[in-house]
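Enquirer: Quick check, what structure comes out for this input:
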Amino acid sequence: MKHRFVVPALFCALVFFLVPHLHAQEEGSIKQAMSPEEFHRAGLDKLSDEELRNLDRWLSGDREKTAKKAAVRTSKAKMDLIVSRVNGSFGGLSGRTVIELEDGTAWKQANTDDRFRGSPVDHPGAAVIHGIFGYKMRVEGVPEFYVDPVRR
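Expert: Numbering: from 1, shown residues only. From the prediction side, this is the model:
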């Protein structure tokens with residue numbers, strides 16, 4: 001009489017604990033990503049369950065590597081062109097001018113011989129372009145000039 005309740009209880013435990021675990025393993029698997037026809041044409045139906053799990057692990061790691069490489073490329077592309085505004089007033093170049101932009105970056109004038117005097121302008125637009133010879137800055141109303149990033 002006691003065993004009549006043990007078997008259904010074990011079955012329920014199996015359903016509640018093991019089945020979601022197996023389903024979670026299959027999520028993101030190549031078998032789920034492909035149609036049955038594609039899976040068969042690729043010859044993947046010939047692999048054992050262990051070989052499929054190894055392939056899924058490898059693909060997962062490869063996707064992570066690809067995502068990391070894409071993030072690095074994106075961050076480098078962001079450094080190639082920065083468009084912002086000067087944080088505050090800009091009155092020109094004095095030879096040792098440091099320009100802080102609203103995006104938080106700071107740039108110091110690279111050539112101390114470059115000088116430009118003008119009337120102060122509040123928050124003029126600015127762009128920094130990374131070229132072959134370094135960084136060039138363009139500020140509204142001022143000829144472009146070379147700058148170096150300020151490391152903080």
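
Enquirer: any idea how far Lys69 is from Leu81?
Expert: Note on Lys69: its distance to Leu81, by CB to CB, to the nearest Å, is 20 Å. C-beta coordinates here come from the backbone N, C-alpha and C atoms, glycine included.

Enquirer: got the residue ranges for the helices in this protein?
Expert: In the chain, helices defined by DSSP state H lie at 3-13, 19-26, 30-33, 36-41, 49-80, listed in chain order.

Enquirer: mind listing what's buried in stretch 53-67?
Expert: Judged by neighbour count (16 or more other CB atoms under 10 Å), stretch 53-67 contains these buried residues: Asp56.

Enquirer: ok, and the closest non-adjacent residue to Met34?
Expert: Ranked by CB to CB, 6 or more residues apart in numbering and with sequence neighbours excluded, the top spatial neighbour of Met34 is Ala42, at 7.1 Å.

Enquirer: And for the one you found, the neighbour number?
Expert: Counted with other CB atoms under 10 Å, residues neighbouring Ala42 total 12.

Enquirer: again with His130
Expert: Residue neighbour count, defined by other CB under 10 Å, stands at 15 for His130.

Enquirer: do the same with Val83
Expert: Here the neighbour count serves as a burial measure; for Val83 (other CB under 10 Å) it reads 12.

Enquirer: now swap in Lys136 and tell me
Expert: With neighbours defined by other CB under 10 Å, the count for Lys136 comes to 15.

Enquirer: quick one: it from Arg53, how far?
Expert: From Lys136 across to Arg53, the span is 53 Å (CB to CB).

Enquirer: Show the contacting residues for Leu52.
Expert: 29-31, 44 (CB atoms under 8 Å, 6 or more residues apart in numbering).

Enquirer: got a winner among the residues you listed for most neighbours?
Expert: Ile30 (18 neighbours).

Enquirer: Asp45 is in contact with that one, correct?
Expert: No: counting by CB atoms under 8 Å, no contact exists between Ile30 and Asp45, whose distance comes to 11.2 Å.

Enquirer: and for those two, which residues touch both?
Expert: For the pair Ile30 and Asp45, residues contacting each of them under the criterion CB under 8 Å, 6+ apart are Phe39.

Enquirer: Report the helix or strand with the lowest average pLDDT across this protein.
Expert: Ranked by mean pLDDT, DSSP states H and E, the weakest helix or strand in the chain is helix 19-26, scoring a mean of 43.
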